[in-house]
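# Have a look at this fold, sequence not included:
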């Protein structure tokens, strides 16, 4: 059997190694148009920022090491330019000398990845404007930074790559502006959770322009002007990180069926619409495991799993199928860690799912052990079934652990209420006896049995203020340092003695700093004949979201010229 693989990196290289482990006699060739066949593209921004200082660390395998270990022929700087499915051949161009030749195949695997999106706006082809996708892109940015010594940079695009690149350029000592046309960064997160990410980015000195679309670039001898609607900024260099599009040129030539944004349609065995041609990675359309809808997931984890499954089916391993993606992801944002899994509120609404949520602020480990830090968690679940729809966690320590637990629970099809039953490891330096994931489960269980009634930020404007009581149960000192207008302050520890101050017959909307004391107050009130609603997330959450909203809605954010 002869297998041709188009593209290396996560998908192609993983598939090649798996095929060899399953079939010692197969002839395997990989054609990669870049100069690197297997590299850590998730680490590229960190090489630019001098976190990774040795460029060889980015190369996971070389053609020579792959040949020695797996007897796989890796051809870099070779581009497959055409496929002839009826003849089962590919046309390959040697990019070093321009020669074109044909190779026959029995099985063909496409792992072409995706290409950076470059908008057709004036000035975008300036040599001071970069994209970041390959090792070569990384070296171009790094070489420019070393030779030209730019003092300022603008990053356009607030996805994972944009945020990581902005941080690493800042770490090089540049003044950095991060521009995003939407009113939040990192679309897997809801806007309220993204407020904590925005705050960390601003706190570290990055000028954040949200809701700002780039209209044009204008290069001059001093750098580049970036024209925005209503103003402009100046920078010595700029980088585009506005997303990627599936690389589908070969697929279209070969007549393969395509789907969302031109992505390659595959079945659960990673087979395309043409016999003996498979596809994996950023170029393929997959199912969202939560909604069942078609989607694109440009993440290394799914690409590796798809490559293994494609290799299994090429080698006729039974029952190896890909059942879709949860989109589990994590990112470092200076000192913060932000992670998500599943869908957010926007996606749940778009899918027509009737959902509820809990928001909590647990400590990363036992409060009495030094060094514990608060994290913010948001867990979405379907109302009737209590199916877990997704989660978002932002904090400093232990975030990745908790998101992975929830991702595992989702894969196991556990109910959100069952999170309370998980027996998770505990020692004071690592967690609490009631782990944050357990705490989310306890809260959802309270929602399920009616012990917890909640209200949220969007409800504030709709509250019938003359027909209800607004109650802040923090200490007097906390209340005086900041509170929501119209809320009466009765500390939770005084509430039983001061119940006469609350008008009977009216519902009570309660808030505290994190949601815990207000929940206790709600139970006191309910036990004394009142109907009480607890504010999800507490004043800490409310304050972060509202401060962020005010900054975003500023007409001309800091650093932007009218």
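Perfect, thanks for sending it. Fair warning: this is a prediction, and the values are worked out from it, not measured in the lab. Numbers count the residues shown, from 1 in each chain.

# which non-adjacent residue is nearest residue 334?
Of all residues not flanking residue 334 in the chain, residue 204 sits nearest, at 4.7 Å (CB to CB, 6 or more residues apart in numbering). From N, CA and C alone the C-beta is placed, and that goes for glycine too.

# Look up phi and psi at that neighbour.
With angles defined as degrees, to the nearest 10, residue 204 sits at phi -90, psi 10.

# isn't there a strand covering residue 332?
Yes: membership of residue 332 in a strand is supported by DSSP: H, G, I helix; E, B strand; the rest coil.

# tell me the contacts of the residue nearest to residue 334?
Residues near residue 204 by CB atoms under 8 Å, 6 or more residues apart in numbering: 167, 170, 334.

# How about residue 435?
Residue 435 makes contact with 402, 422, 424, 426 under the criterion CB under 8 Å, 6+ apart.

# now with 10 Å?
Residue 435 is in contact with 362, 365, 398, 401-402, 405, 419-420, 422-426, 441, counting by CB atoms under 10 Å, 6 or more residues apart in numbering.

# Can you give me the buried ones in stretch 343-360?
Neighbour counts over stretch 343-360 (16 or more other CB atoms under 10 Å) mark 343-345, 347-348, 353, 355-360 as buried.

# In helices, which of the residues you listed appear?
Judged by DSSP state H, the subset of the buried residues of stretch 343-360 located in helices is 345, 347-348.

# which among these gets closest to residue 56?
Lowest distance from residue 56 to these (CB to CB) belongs to residue 347, with 40.0 Å.

# With pLDDT added, can I get the buried residues of stretch 343-360 in TSV?
Formatted as TSV, the buried residues of stretch 343-360 follow (pLDDT from 0 to 100):
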residue	pLDDT
343	98
344	98
345	98
347	97
348	98
353	98
355	98
356	98
357	98
358	98
359	98
360	97
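
# wait, doesn't residue 198 sit right on residue 207?
No: assessed by CB atoms under 10 Å, residue 198 is found out of contact with residue 207, at 11.8 Å.

# who's more crowded, the two?
Set residue 198 next to residue 207 and count neighbours by other CB atoms under 10 Å: residue 198 wins out with 27 against 19.

# give me the low-pLDDT residue ranges for this protein?
Where the chain drops to pLDDT under 70, the residues are 555-562.

# Would you indicate which residues of whichever helix or strand residue 409 is part of are buried?
Using DSSP states H and E, residue 409 maps to helix 399-411. Residues 399, 401-403, 405-407, 409-410 are the ones in helix 399-411 that count as buried (16+ other CB under 10 Å).

# Next: stretch 311-318.
For stretch 311-318, the neighbour count (16+ other CB under 10 Å) marks 311-315 as buried.

# go on, stretch 492-507?
Buried residues in stretch 492-507, defined by neighbour count with 16+ other CB under 10 Å: 492, 495, 502, 507.

# Other residues contacting that stretch?
Here stretch 492-507 makes contact (CB under 10 Å, 6+ apart) with 453, 455, 463-464, 466-469, 471-476, 488, 490-491, 508, 510, 512, 516-522, 524-525, 527-533.

# Which stretches in the stretch 1-150 of the chain count as strands?
Per DSSP state E, counting those that start in this stretch, the stretch 1-150 of the chain carries strands over the ranges 2-6, 27-32, 38-39, 59-61, 73-76, 78-84, 89-94, 100-104, 107-110, 114-116, 129-131.

# Need the winner for burial among these.
Mean neighbour count (mean count of other CB atoms under 10 Å) peaks for strand 107-110 among these, with a mean of 27.

# what's the offset of that one from the middle of its chain?
Relative to the centre of its chain, strand 107-110 is centred 29 Å away, using CA atoms, centre = their mean, to the nearest Å.

# Same check on stretch 113-128?
For stretch 113-128, the separation from the chain centroid amounts to 23 Å (computed by CA atoms, centre = their mean).

# Then stretch 483-500?
Chain-centre distance of stretch 483-500: 40 Å, with CA atoms, centre = their mean.

# how about the nearest residue to residue 192 once chain neighbours are set aside, secondary structure?
Spatial nearest neighbour of residue 192, excluding adjacent residues (CB to CB, 6+ apart): residue 545 at 4.7 Å. Per three-state DSSP, the secondary structure class of residue 545 is helix.

# swap in the one 5 residues further on?
The three-state assignment at residue 550 reads helix, by three-state DSSP.

# Tell me how many other residues surround it.
Neighbours around residue 550, by other CB under 10 Å: 9.

# Check residue 53 too.
For residue 53, the neighbour count with other CB under 10 Å is 8.

# Which residue is the nearest non-sequential neighbour of residue 165?
Spatially, and ignoring its direct neighbours in sequence, residue 165 is nearest to residue 45 (4.8 Å; CB to CB, 6+ apart).

# Quick check: the gap between the residue located most distally from the centre of the chain and residue 528.
Going by CA atoms, centre = their mean, the residue of the chain most distant from its centre is residue 500, 48.7 Å out. Taking CB to CB, to the nearest Å as the measure, residue 500 falls 11 Å from residue 528.

# for residue 451, same thing?
From residue 451 to residue 528 the distance is 15 Å (CB to CB).

# neighbours of residue 274, just the number please.
Number of residues near residue 274 (other CB under 10 Å) recorded here: 17.

# ok, back up a step: which of the buried residues of stretch 311-318 fall within helices?
If you go by DSSP H, the buried residues of stretch 311-318 have 311-314 in helices.

# now these in CSV, with distance to residue 24?
Listed next are these as CSV, based on distance: CB to CB, whole Å:
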residue, distance to residue 24
311, 14
312, 16
313, 18
314, 14
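
# The residue nearest to residue 165: what's it in contact with?
Counting by CB under 10 Å, 6+ apart, residue 45 makes contact with 51-52, 132, 138, 141, 160-169, 171, 239, 241, 332.

# go with 7 Å
Listed by CB atoms under 7 Å, 6 or more residues apart in numbering, the contact partners of residue 45 are 132, 161, 164-165, 168.

# swap in residue 57?
By CB under 7 Å, 6+ apart, residue 57 lies in contact with nothing.

# Same check on the one 4 residues further on?
Neighbouring residues of residue 61 by CB under 7 Å, 6+ apart: 13, 37-38.

# I'd like the distance from the residue nearest to residue 165 to residue 335, if you could.
Distance, residue 45 to residue 335, by CB to CB: 16 Å.

# what's the answer for residue 65, then?
From residue 65 to residue 335 the distance is 36 Å (CB to CB).

# Pick out whichever of the two has more residues nearby.
Using other CB under 10 Å as the criterion, residue 65 and residue 335 rank with residue 65 on top: 14 against 11.

# For this protein, just list every one of the helices.
Here the chain has its helices, by DSSP H, at 9-22, 44-48, 63-70, 135-148, 160-171, 191-203, 249-253, 300-314, 345-350, 399-411, 436-449, 476-481, 516-527, 538-552.

# if we look at the third one, which residues are touching it?
Contacts of helix 63-70 with the rest of the structure, by CB under 7 Å, 6+ apart, involve 16-17, 20, 37, 72-74, 76.

# So the residue nearest to residue 334 versus residue 171, what's the distance?
Where residue 171 is concerned, residue 204 sits at a distance of 9 Å (CB to CB).

# Same question for residue 469.
In this structure, residue 469 and residue 171 are 50 Å apart, going by CB to CB.

# and the two? which has more neighbours close in?
Higher neighbour count among residue 469 and residue 171: residue 469, with 21 against 17, using other CB under 10 Å.

# Report the contact partners of the closest residue in space to that one that isn't next to it in sequence.
Counting by CB to CB, 6+ apart, the nearest residue to residue 469 once its immediate chain neighbours are dropped is residue 508, at 4.5 Å. By CB under 7 Å, 6+ apart, the contact list for residue 508 reads 468-469, 471, 502, 525, 530-532.

# try residue 406
Applying CB under 7 Å, 6+ apart, we find residue 406 in contact with 341, 388, 391, 437.
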